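Enquirer: test case, fold it:
(chains A and B)
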2 protein chains.
Amino acid sequence: MDIPDNTLTIETSLEDEGGGNTIVRRQVKGPPRRWKSWLVGRPLATADAPHQTIGKAVGLAVFASDALSSTAYASQEILVILATAGTVAFGYAFPISIAIVALLAVVTISYEQTIHAYPDGGGAYIVARDNLGEMAAQVAGAALLTDYILTVSVSVSSGVAQLVSAFPELRDLRVPVAVVMVLLIMLINLRGVKESGATFAIPTYFFLGTMFITVGVAMFRYASGTLGHVVDPPHLEIATTQGITLFLLLHAFSSGTTALTGVEAISNGITAFREPRSRSAGITLVWMSVILGILFLGITFLAGAIHAIPSEGETVISQFARTAYGGRGALYLATIAATTIILIMAANTAYADFPRLSALVAADGFLPRQLTYRGSRLVFSRGIMALAGIASLLIIAFHASVTALIPLYAIGVFMSFTLSQWGMARRWLKIGRLAPRQEVHERGSTLRYESGWRLKMAINGFGAVCTAIVMVMFAVTKFHDGAWVIVLVIPVLVLLFYGIHRHYRSIARELSLERYGAPPRIARHRVILPVSSVHRGTLAALQYARTLTDDVTAVHVSIDDADAAKVRRKWDAWGEGVRLVILESPYRLLHEPLLEYIEEISAARQPNDKLTIVVPQFVPARWWHNLLHTQTALMLRLALLFQPGIVITDVPYQIDESETP
Amino acid sequence: MDIPDNTLTIETSLEDEGGGNTIVRRQVKGPPRRWKSWLVGRPLATADAPHQTIGKAVGLAVFASDALSSTAYASQEILVILATAGTVAFGYAFPISIAIVALLAVVTISYEQTIHAYPDGGGAYIVARDNLGEMAAQVAGAALLTDYILTVSVSVSSGVAQLVSAFPELRDLRVPVAVVMVLLIMLINLRGVKESGATFAIPTYFFLGTMFITVGVAMFRYASGTLGHVVDPPHLEIATTQGITLFLLLHAFSSGTTALTGVEAISNGITAFREPRSRSAGITLVWMSVILGILFLGITFLAGAIHAIPSEGETVISQFARTAYGGRGALYLATIAATTIILIMAANTAYADFPRLSALVAADGFLPRQLTYRGSRLVFSRGIMALAGIASLLIIAFHASVTALIPLYAIGVFMSFTLSQWGMARRWLKIGRLAPRQEVHERGSTLRYESGWRLKMAINGFGAVCTAIVMVMFAVTKFHDGAWVIVLVIPVLVLLFYGIHRHYRSIARELSLERYGAPPRIARHRVILPVSSVHRGTLAALQYARTLTDDVTAVHVSIDDADAAKVRRKWDAWGEGVRLVILESPYRLLHEPLLEYIEEISAARQPNDKLTIVVPQFVPARWWHNLLHTQTALMLRLALLFQPGIVITDVPYQIDESETP
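Expert: The predicted model follows:
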């Protein structure tokens, strides 16, 4: 018995052996146009999902902007650390960057293998879940989600900082400008993957274009011996405090590894790619890493060649660009503008990945289920809005200060690198133990024997060890600057995830129909009808109550004898012989005596008795008219919600004030 | 058939001829102790009301503090105006104050007559309602309520201003200190008339004591020729700009009439007095006016005698006290402290009257009915809280500035004086037209012929003309300083009152059982049961739905084919043969297809068909767990509330997470 597919507005009635009949109805007309459509575009049908995927070119723009933006600062990060041993240490920058690119290669190969192994999304979360267990998966999830939030806060804050250095009058508006920017990127992402991809491809390629031209021009001039050194280099503000030690070189190395942040992005976003997904995503990853490697090596090498000086006053990129172009001309300005834009664009990668990852975690029951719901434009709109909300709060809390936010950053990414690669290494070990041609299906992937598993395991294992070292160095060197926040937040998040999971599991168990007999038959049905005064609405409710059962009791709480006498008189005339209980309330309490009475009746019930409270509720023509009336129904609902076996029914009586003379 | 009174916990079942049976139950045990009891005292039974009245001594403290506090500034107000014609004009202050006291006498006689005519409360509102019509009553109500709010704002702000001049470090905390004070007075008033009266009697009598001693000492020294002039009087800051004209004298007169504000308080609060109410209230009024007149005349006379100078730097009271005591000794300080306290205490009179008046207006249906509800301590607690809330907002909006608030003040009081006296004049005219021994019962009073009606009408009419002139002078001279706000607010309030009244009237008409046949019989009862998934909660709701009617339709909105197939499979097993409709939602909308379906069914109904939506709702153990679930029931309720004839029933299914392993 399958549900008929692709049938339009057909009402199909299928009788089945159980005697039940099921009608399936498909809605064809689109949902009504609303203000939301104007904001994010017309709703997309679920069937449109395959058309909402993106190709490699747009994919590179969406998922690589985070990684590529790091070329704007990674070289400088190395030089800043080396500077503490004097300019003579700058010579180590290029060898260090070669080591970083080697690590990049290891991580890339690792993720390339992951992408092919996990075609439905192979981020650290899934790899850890399938190979290292639930706890490791939740740690990876918490680490990555935290890092995506930080990516948005940091990249938008740094973009705004660049803007402020250009327009100092914006200084006091930093925080609101950053928040507006976060909301703007949110809005574009709510329009869907395809549309936001197209919007954001332009600036990404603009950055790549200008960067390659700059590096190319500089290389050519270096080869032809006309490049020279930086004119008027900034003063080196960093004091020489130590010699060249292994620790210093490792520190410089770990600082330079910020170039790797964002490499994981594609593995989390495979489902956004057009079929064949894994192939598209894999090729995009290789392209991204190659571009990243070339630009990073080129910039580091050339920065050394021109004797660039790391400084708070002028970025290395700026020194490099004006040396390459021999001044601050149009090409120089284009390079600086492109760098500013790509820094903000890095946030977009987080917008692409955070909602997908949180939907994965939510689908496993560790985050609120609502995050798995795809919005009108087929994106996980609640995840997008959650990301924007939390990132905005962070920006407000940290006053959009990059310096304050940056120490929190990157630890999460390296934790996820480590877990992902360690998980892959475990996977190779499992594969090595398989018999040839044996297949094992896991939740996210299928395991088949491969002959080269030892080498591949070694690569992933080595990568895991390297990224683990970098992560620890990050945490240690930046602990006091704020990294402790992350060291605290990730375990707290994991605890929260498990709390949510426990709740969902116990709900599922409590509601499960397994080992469940028939639901108890309702033996007796009593109805209580609270009556504040006798009017048409009361009589409508009385009518309704009498269709439910013969056992109806009307209850009036009396705080005024004259009113009670009136209710009694009217009830004698209109109450259809139904029993009326008057509860005198000497302390003028309205709800308490009623609740007490209901609880008394409820306590005297047999197990299968059902008690229904029928509340007459007149509905005024305008909502604010409710301010002029006491909200008994609402109050009763809140008070009785936790009483088992009590049902509350509002019988609304609409009042049309316009018709009265 | 009377309701048995004074019977305790007796369940009396009275069969009457209509066949209905009514049970009356009286609750004897007091309500449970809660945090509220700790804050405002244990609840009082309605039967305690007669014991919650106050005697004359406490009544003078509660209702006279507003009027008596004006002696602290009224003399100065006259001098300030006269100063524009030079110090030579100060000689007119005493004659003007005699005129004001004459007006006070007229107003007092008028209100004395009112209090005896209206023993159940005889404020301007009731007098206007019975004699000038509904519109005049609402104007009086709006004017008085506005003025009470202003009394609280102004008096607390002026008290805080005095505090700030003593402790300048509180300057920036002015607004929060004032708001806290408003809330503190609110809290004491929530404890009930008797208790708050006792609390506030001490400072009032302290003020009266110090004031009489000061005036007495000064008089004695004046008589014995040892009083002398003010030592180091403040510099007269006011420029001499005009001669002594009639307009100037009238202006000074109207400014001095602020001494009269608060005289109306007792007439609004008669019900707070112990029996015989009218007599107690009347005697208290006479005492208050006599004290007010003596102090006002005495201070004005002595201020002239010592050549006091009106100044922003030092109040006339301060100059007068230090001259009387020959320096700034303990008695001087006591006088200043008492003055500060009485200024704040004036707010208490408003707390006594505003809730009573608003309950009167609400009982007539011109304000939300909730204001007629007496709280646990037998006071109109909602009115007290409303007053505190609005006055606090006003203090925040005006930054607790007395200068900004004062021009709004007093117009309302004089408007109510005018309406009240004019109403009394009309009442005398009606009485004059009665035959001897004829009695006419009006809503608030009983009319009997009196022989002296012409004189009494003349007194009231003369008083009305005088207070009307003062009111117009107030409005004109202070129009630009802020009086325009009141000129605008009072009509707006009156419109609002009439809007509320129209709503209550139309509701009453729509719900009325007069000319109402029987309510329509319910011919067919259909039930729709929204089902998101099939679990124990769903089955409980299904059970319930089937007790209501045989015509049950389960509806599932499908946004995922696999989920829908699962629901269908489970429904076949557990659905007891009930029809299931699956609504496919290609745009992943959850509520819209369901609402559309319900509306379709609803539109096809016969007039007497009833449609009930039974919503299964599982109730998690902790409220915040609701964040982890979608709130379908709530959403349906909001969306369907305005659809006539649709009843919504939640069938709660409680989940006890603690019991699960």
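Enquirer: which residues in chain A form strands?
Expert: Listed in chain order, the strands of chain A (DSSP state E) span A:12-15, A:21-26, A:439-441, A:446-448, A:524-530, A:551-558, A:579-584, A:609-619, A:646-654.
Enquirer: make JSON lines from these and add mean pLDDT and distance to chain B to it.
Expert: For every residue, glycine as well, the C-beta is placed using N, CA and C. Shown next, in JSON lines, are the strands of chain A (pLDDT from 0 to 100; distance: least, Cβ to the nearest Cβ, whole Å):
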{"stretch": "strand A:12-15", "mean pLDDT": "40", "distance to chain B": "9"}
{"stretch": "strand A:21-26", "mean pLDDT": "77", "distance to chain B": "4"}
{"stretch": "strand A:439-441", "mean pLDDT": "88", "distance to chain B": "18"}
{"stretch": "strand A:446-448", "mean pLDDT": "87", "distance to chain B": "20"}
{"stretch": "strand A:524-530", "mean pLDDT": "90", "distance to chain B": "6"}
{"stretch": "strand A:551-558", "mean pLDDT": "91", "distance to chain B": "8"}
{"stretch": "strand A:579-584", "mean pLDDT": "90", "distance to chain B": "4"}
{"stretch": "strand A:609-619", "mean pLDDT": "85", "distance to chain B": "6"}
{"stretch": "strand A:646-654", "mean pLDDT": "84", "distance to chain B": "4"}
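Enquirer: can you redo these as JSON lines with mean neighbour count and distance to A:Leu145?
Expert: Below are those laid out as JSON lines (neighbours: other Cβ atoms under 10 Å in any protein chain shown; distance: least, Cβ to Cβ, whole Å):
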{"stretch": "strand A:12-15", "mean neighbour count": "12", "distance to A:Leu145": "43"}
{"stretch": "strand A:21-26", "mean neighbour count": "19", "distance to A:Leu145": "36"}
{"stretch": "strand A:439-441", "mean neighbour count": "10", "distance to A:Leu145": "28"}
{"stretch": "strand A:446-448", "mean neighbour count": "14", "distance to A:Leu145": "27"}
{"stretch": "strand A:524-530", "mean neighbour count": "21", "distance to A:Leu145": "48"}
{"stretch": "strand A:551-558", "mean neighbour count": "22", "distance to A:Leu145": "51"}
{"stretch": "strand A:579-584", "mean neighbour count": "21", "distance to A:Leu145": "54"}
{"stretch": "strand A:609-619", "mean neighbour count": "22", "distance to A:Leu145": "43"}
{"stretch": "strand A:646-654", "mean neighbour count": "22", "distance to A:Leu145": "39"}
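Enquirer: quick one: which of those is nearest A:Ile406?
Expert: A:Ile406 lies closest to strand A:446-448 among the strands of chain A, at 39.7 Å (Cβ to Cβ).
Enquirer: in the stretch 251-400 of chain A, what residue comes closest to chain B?
Expert: Using Cβ to the nearest Cβ, the closest approach of the stretch 251-400 of chain A to chain B is made by A:Pro368 at 4.9 Å.
Enquirer: residues near that residue, how many?
Expert: When neighbours are defined as other Cβ atoms under 10 Å in any protein chain shown, A:Pro368 has 20 of them.
Enquirer: find the nearest non-adjacent residue to it, please.
Expert: Once flanking residues are discounted, A:Pro368 sits nearest to B:Leu628: 4.9 Å by Cβ to Cβ, 6 or more residues apart in numbering or on different chains.
Enquirer: contacts only, for that neighbour.
Expert: Taking Cβ atoms under 8 Å, 6 or more residues apart in numbering or on different chains, we find B:Leu628 in contact with A:Pro368, A:Arg369, A:Ile500, A:His503, A:Tyr504, B:Pro620.
Enquirer: circling back: which ones are touching the residue of the stretch 251-400 of chain A closest to chain B?
Expert: Contacts for A:Pro368 were tallied using Cβ under 8 Å, 6+ apart; they are A:Ala362, A:Ile500, B:Leu627, B:Leu628.
Enquirer: quick check: ChimeraX command selecting the buried ones in those.
Expert: Here is the ChimeraX command that picks out the buried ones among the contacts of A:Pro368, judged by 16 or more other Cβ atoms under 10 Å in any protein chain shown:
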select /A:362,500 /B:628
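Enquirer: quick check, nearest of the contacts of A:Pro368 to B:Asn460?
Expert: B:Leu627 (64.7 Å).
Enquirer: would you check how far apart the residue of the stretch 251-400 of chain A closest to chain B and B:Arg568 are?
Expert: A:Pro368 sits 26 Å away from B:Arg568, going by Cβ to Cβ, to the nearest Å.
Enquirer: surely A:Ala45 and B:Glu584 touch.
Expert: No - when contacts are counted by Cβ atoms under 8 Å, A:Ala45 is not listed as touching B:Glu584 (10.4 Å).
Enquirer: may I have the phi/psi pair for the residue of the stretch 251-400 of chain A closest to chain B?
Expert: phi -50, psi 130 (degrees, to the nearest 10).
Enquirer: sorry, back to before: among the contacts of A:Pro368, which are located in helices?
Expert: A:Ala362, A:Ile500 (DSSP state H).
Enquirer: which among the contacts of A:Pro368 gets closest to B:Gly86?
Expert: Proximity of these to B:Gly86 (Cβ to Cβ) peaks at B:Leu627, which lies at 73.2 Å.
Enquirer: who's in contact with the closest one?
Expert: B:Leu627 is in contact with A:Pro368, counting by Cβ under 8 Å, 6+ apart.
Enquirer: could you measure from it over to B:His525?
Expert: From B:Leu627 over to B:His525 the distance is 35 Å, taken as Cβ to Cβ.
Enquirer: same check on A:Ser65?
Expert: Noted for A:Ser65: a distance of 60 Å to B:His525, by Cβ to Cβ.
Enquirer: quick one: low-confidence residue ranges for the stretch 451-600 of chain A.
Expert: Within the stretch 451-600 of chain A, the ranges that satisfy pLDDT under 70 run A:519.
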